[in-house]
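> sequence and computational prediction follow.
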Amino acid sequence: MGALHQGHLSLVDRSVAENDITVVSIFVNPTQFDNLEDLENYPHTLQNDLELLEKTGCDFVFTPESHEVYDQQIVSEHFSFDGLEYEMEGKHRKNHFDGVGTIVSKLFDITHPTRAYFGEKDFQQLQIVKKLVRIKQRNIQITGCAICREKDGLAMSSRNVRLSEECRKAAPFIYQTLRKVQQKAASLSFPELSDWVTKEFKEQPFLELEYFEIAEENSLQTAQNKKENEAYRAFIAVFAGPIRLIDNIALSF
């Protein structure tokens, strides 16, 4: 959605390396915002984005206006993603994934890609897009790419530029906590880990925990107990002042 950073550019770099033609879309999609203020405040840096993309070697940049994508009515299509849409982000952002599914489907219809690249910071979105491709019976390979982080561990996000100085200093605690969860996962149960995370954030004056969940990677359903041969991931959403940040990390035992 623009305000590009190195995380976005890493997706472009991978596409350029693996494909003959790379198309980058930049579009702040109104239907995936449940908060009008968040939509209005979302950073728009198109000229800088274009300059960054020129250095990557991508072939086309698609920057449509809302009326070109949605015609006369800016509304979402309704999707059933087999329950993926009701977990984590879906519990806190009403109709968010209908908006995601709608715009991704429209962009796929326009560009007809062979492959599409999405970052794992929005891991739930990545799983939703994989499901969307199956629902729509499109022959598109969806590739998830590793989270890019700042030197202090904060996951790169377009929203980071809106953080106050105090909140920016505090924000790396999110990833630090996830790393500790990763280390403790072998010795603590999932409920114990959740309780520990909740207590840790109560000591942070500039960070407010919205949710912490450990879920099975494929179904995204909250896990209460460890099972053999299952892949798990810890997900977190935190308010740093008014700015909402999300992150996740894979768990192993």
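Looks like it arrived, so ask away.
> which other helices and strands contact the helix or strand harbouring residue 14?
If you go by DSSP states H and E, residue 14 is part of helix 6-18. In terms of contacts (3 or more CB pairs under 8 Å, 6 or more residues apart in numbering; DSSP states H and E), helix 6-18 is packed against helix 46-54, strand 115-119, strand 141-145. Quick note: C-beta positions are derived from backbone N, CA and C, even for glycine.
> so for the helix or strand just after it, mean pLDDT?
Per DSSP H and E, helix 6-18 leads on to strand 23-25 as the next helix or strand towards the C-terminus. Averaged over strand 23-25, pLDDT sits at 97.
> parallel or antiparallel, list what pairs with strand 23-25.
The pairing partners recorded for strand 23-25 under DSSP bridges are strand 60-62 (parallel).
> neighbouring contacts of the helix holding residue 14?
Contact with helix 6-18 is made by 22, 24, 52-53, 56-58, 115, 117-119, 121, 143, 145-148, 155-157, as judged by CB atoms under 8 Å, 6 or more residues apart in numbering.
> now which of the residues you listed would you call buried?
Neighbour-count burial (16 or more other CB atoms under 10 Å) is assigned, among these, to 22, 24, 52-53, 56, 58, 117-119, 121, 145, 147-148, 155-157.
> beta-bridge partners for residue 141, please?
Counting by DSSP bridges, residue 141 forms beta bridges with residue 115.
> give the contact list for it.
Shown in contact with residue 141 (CB under 8 Å, 6+ apart): 114, 115, 116.
> ok, residue 46 next?
Counting by CB under 8 Å, 6+ apart, residue 46 touches 2, 26, 63.
> check residue 169 too.
Contact partners of residue 169, counting by CB under 8 Å, 6+ apart, are residue 206.
> please settle this for me: is it part of a helix?
Yes - under DSSP: H, G, I helix; E, B strand; the rest coil, residue 169 sits within a helix.
> endpoints of stretch 148-162, how far apart?
The separation between the terminal residues of stretch 148-162, taken as CA to CA, to the nearest Å, is 18 Å.
> which non-adjacent residue is nearest residue 78?
The spatial neighbour of residue 78 that comes closest, neighbours along the chain excluded (CB to CB, 6 or more residues apart in numbering), is residue 98 at 5.6 Å.
> check the gap between that neighbour and residue 106 for me.
Using CB to CB, to the nearest Å, residue 98 is found at 13 Å from residue 106.
> can you give me the helices for the stretch 151-253 of the chain?
Assigned by DSSP state H, counting those that start in this stretch, the stretch 151-253 of the chain shows helices spanning 165-170, 173-184, 190-202.
> quick one: distance of the first one to the chain centre.
I take that to be helix 165-170. Its chain's C-alpha centre and that of helix 165-170 lie 21 Å apart, by CA atoms, centre = their mean, to the nearest Å.
> noted, bye for now.
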